[in-house]
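[1] whatever this is, show me its structure:
(chains A and B)
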Amino acid sequence: MTNLLEFKDVDVHYGPIQALKKVSLEVKEGEIATMIGSNGAGKSTLLMSIFGQPRISGGQIIYRGEDISQKSAHYVASNGLAQSPEGRRIFPSMSVEENLLMGTIPIGMEHCDEDMQHMFELFPRLKERRNQRASTMSGGEQQMLAIARALMSRPKLLLLDEPSLGLAPIIVKQIFKILEDVASTGMTIFLVEQNANHALKLADRGYVMVNGEIRLTGTGEELLVNPEVREAYLGGH
Amino acid sequence: MSQQTNGINIGAAIKDTIVAGLLALIVFGPVVGVLLDGYEFSTRSGDVAAIVAVVMAGRFVLSVFTQTDFGKAFLYRQSTKDDGVVVTSPDYKSKMTYILPIVIVIGLIAPFIASKYVLTIVILGLIYVLLGLGLNIVVGLAGLLDLGFVGFYAIGAYGLALGYENLGLGFWSMLPLAAIMAAIAGAILGFPVLRMHGDYLAIVTLGFGEIIRLVLTNWTEFTHGPNGVSAPLPTLFGLEFKRRSSDGTPFHEFFGLPYDSAYKYIFIYIVLFLVVLAVLYVKHRLTRMPIGRAWEALREDEIACRSLGLNHVLVKLSAFMLGASTGGLAGVFFATYQGFVNPSSFTFFESALILAIVVLGGMGSTVGVVIAAFVLTVMPEMLREFADYRVLMFGVLMVVMMIWKPRGLVRVTRTGFATRKGTVK
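    The predicted structure is shown next:
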């Protein structure tokens, strides 16, 4: 399998503070890769640096053979990288359908009807609420909408920033079930999570980030049984 | 607690009344009650007593009213801030389809019936409609707070006056040119500052408006400073609207009509009316195009927009430039209508007035802006007799509006976006 996305010794600084230290990782085509880490480990910084916000201060970010580390955010986003940002960031005054329509910006309206139909099959809840303003929906539904909106651009690689943030365990379970379905269609997913248990169960490969460095790497199962990971993220049980 | 009758707490109402009365006494006592007369002063306790009595009576009535069932329901309706945009289904037919033709017909007949005085007020109203529509794109749709909008207005107005003086360009050539000039000014201002948000952007644009005004005031060789410049009247295929034309026949001689100074206003009115209609149409179409959608999305969440591949700088810049060019158009009409421009027409108060139009009308609402523009320009004219109280009335109107209609006169409603082929089943 080829590498779809690759980080090579990436450094990121926020002023004098170094947020990422020589981070190297790869996301292979067709797999689910996950990155777990506690608050402030640099997970979101890592995802955002793909879009050049913040710009990296060293190393390379290679996407499909091209160094995208100096490209603008909208260039990256219109080339098959879709992100479901942290905190969902749906458009609150737009209806569900309109939010989904906004997702088609990178590829145009050509496949819009077909894809929207597909999204409504994937997320039946969204179909029920299609004409409702997005701000009136629950957190879980908003998260579903954010994922569906990202999928509307038919991405090569789906980036998810903490989809379980602030959701009830049962909803988290649902969301991860849907991600599994999405992945089974051959979609490459890079998932950044705090919920190590769910994320590692879903993922083919995982990285553990501590203080801006990749501490551990391995398959999902390996990491799930790793005592260090269990101690730090799974509360030792 | 004091006695309850029908759920109305009279005791509480009396308490409110006494508090309001005391406040009125503190406020009006020194202001109204003491009359200075040279080094002497006399007291006018009667007037103060009357004012305080009115305030107390009013507060009591209000207090009792808000405790009735109807009053409670009224308060509840007004206090629930169901903010956001009402989204109608994509195939919704607006009532405007029937109202609009009537408005157009009335608008086209009106100048031939109305008196010259009324006409000049309506022209001013329409100029503010243009300004409001321009700022509405920037503030209402794209969510960029612009306090220096008057700068673009000034560029349009001075464009006509100075273009005529230096280059001999008339009304018709300056109309598109002024729009382009204002748009370029918008781009020059916009490019460096659009990284900013909210308050910071507001301060920079405020500075821009002031810079334009100060340049106009102080660059006397070019702009004639505070003395102003005269601006040309529009022409109808080369026919002028003057009593005597220096070159060629004036309008009234060509058609064999007696001279009437109202002709030029009728002509300006009709051109302006058509331009306003055109701008309304363009704006209506734009809000339904991807660019309009992008503006609204940008207002709601900039980060989400960028993660979806929108070039936020271009989207903001387009809103800024389109808004500015509309302001430039308004400026040309203002200059030709006044026949004269000077920097005192382009103070910060104008920017504030235009912003008030947009806010009162309802951010992003086209109909609301049109209504608000007329209310805010025609009302001061109608209140000429109460000239001393005009600004007071203005303030009261603002306060009342912000309490009861914080989202503007007209709720923003927009048609839902849909794919070209229709909605997904």
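
[2] ranges for the strands of the chain?
    If you meant another chain, say so; for now it's chain A. A:3-14, A:17-28, A:32-37, A:58-63, A:66-67, A:81-84, A:157-161, A:188-193, A:205-210, A:213-219 (DSSP state E).

[3] right idea, wrong chain: chain B
    Using DSSP E, strands in chain B cover B:4-5, B:8-9, B:34-37, B:40-43, B:86-88, B:229-230, B:340-341, B:413-415.

[4] in terms of mean pLDDT, which of these ranks lowest?
    Set side by side, these give their lowest mean pLDDT on strand B:4-5, at a mean of 46.

[5] packing partners of the worst-scoring helix or strand of chain A on mean pLDDT?
    The weakest-scoring helix or strand in chain A, judged by mean pLDDT, DSSP states H and E, is helix A:227-233 (a mean of 83). When contacts are defined as 3 or more C-beta pairs under 8 Å, 6 or more residues apart in numbering or on different chains; DSSP states H and E, helix A:227-233 sits against helix A:196-202, strand A:213-219. No exception for glycine: its C-beta is placed from N, CA and C like everyone else's.

[6] pull up the gap between the residue most central in space within chain A and residue B:318, please.
    Nearest to the centroid of the C-alpha atoms of chain A, with distances taken as C-alpha atoms, centre = their mean, sits residue A:160, at 1.4 Å. The gap separating residue A:160 from residue B:318 is 31 Å, by C-beta to C-beta, to the nearest Å.

[7] so where's the chain uncertain?
    Went with chain A since none was named. For chain A, the stretches with pLDDT under 70 are A:1, A:235-237.

[8] look at chain B instead
    Ranges of chain B meeting pLDDT under 70: B:1-7, B:77-94, B:238, B:243-248, B:253, B:387, B:390, B:406-425.

[9] list the residues that contact the closest residue to residue B:184 other than its chain neighbours.
    The shortest distance from residue B:184 to any non-neighbouring residue, by C-beta to C-beta, 6 or more residues apart in numbering or on different chains, is to residue B:321 (7.9 Å). Residues in contact with residue B:321 (C-beta atoms under 8 Å, 6 or more residues apart in numbering or on different chains) are B:183, B:184, B:186, B:187, B:190.

[10] and the residue of chain B closest to chain A?
    residue B:309 (3.4 Å; C-beta to the nearest C-beta).

[11] which of the helices and strands packed on helix A:227-233 sits most buried?
    helix A:196-202 (a mean of 21; mean count of other C-beta atoms under 10 Å in any protein chain shown).

[12] return the distance of it from the chain's centre.
    Relative to the centre of its chain, helix A:196-202 is centred 14 Å away, using C-alpha atoms, centre = their mean, to the nearest Å.

[13] before we move on, what about stretch B:187-204?
    Worked out by C-alpha atoms, centre = their mean, stretch B:187-204 lies 21 Å from the chain centre.

[14] is chain A within reach of it?
    No: using C-beta under 8 Å from any C-beta of the partner chain, stretch B:187-204 stays clear of chain A, coming no nearer than 12.3 Å.

[15] for that stretch, which positions count as buried?
    Neighbour counts over stretch B:187-204 (16 or more other C-beta atoms under 10 Å in any protein chain shown) mark B:189, B:190, B:193, B:194, B:201, B:202, B:204 as buried.

[16] just flag the most distant two among the residues you listed.
    B:190 and B:202 (13.7 Å; C-beta to C-beta).

[17] tell me how many other residues surround residue 207.
    All of this refers to chain A. 26 (other C-beta atoms under 10 Å in any protein chain shown).

[18] my question was about chain B, not that one.
    If we define neighbours as other C-beta under 10 Å, then residue B:207 has 15 of them.

[19] next: residue A:62.
    Count around residue A:62 with other C-beta under 10 Å applied: 17.

[20] equivalent analysis for the one 3 residues further on, please.
    Residue A:65 sits with 9 neighbouring residues when counted by other C-beta under 10 Å.

[21] quick check: the gap between it and chain B.
    20 Å (C-beta to the nearest C-beta, to the nearest Å).

[22] in PDB, list the C-alpha atoms belonging to stretch A:75-92.
    Below are the C-alpha coordinates for stretch A:75-92, written out as PDB (Å, rounded to 0.1, in the frame of the first residue of the first chain):
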ATOM      1  CA  TYR A  75      -5.700  24.500  -1.800                       C
ATOM      2  CA  VAL A  76      -5.200  21.600   0.500                       C
ATOM      3  CA  ALA A  77      -8.900  21.300   1.200                       C
ATOM      4  CA  SER A  78      -9.900  21.300  -2.400                       C
ATOM      5  CA  ASN A  79      -7.500  18.400  -3.200                       C
ATOM      6  CA  GLY A  80      -9.200  15.500  -1.600                       C
ATOM      7  CA  LEU A  81      -8.400  16.100   2.100                       C
ATOM      8  CA  ALA A  82     -11.600  16.700   4.100                       C
ATOM      9  CA  GLN A  83     -11.600  17.600   7.700                       C
ATOM     10  CA  SER A  84     -14.300  17.300  10.300                       C
ATOM     11  CA  PRO A  85     -12.900  20.000  12.600                       C
ATOM     12  CA  GLU A  86     -12.700  19.900  16.400                       C
ATOM     13  CA  GLY A  87     -15.900  21.200  17.900                       C
ATOM     14  CA  ARG A  88     -17.800  20.300  14.800                       C
ATOM     15  CA  ARG A  89     -18.000  23.800  13.400                       C
ATOM     16  CA  ILE A  90     -21.200  23.300  11.400                       C
ATOM     17  CA  PHE A  91     -23.000  26.400  10.100                       C
ATOM     18  CA  PRO A  92     -25.600  27.000  12.800                       C
END
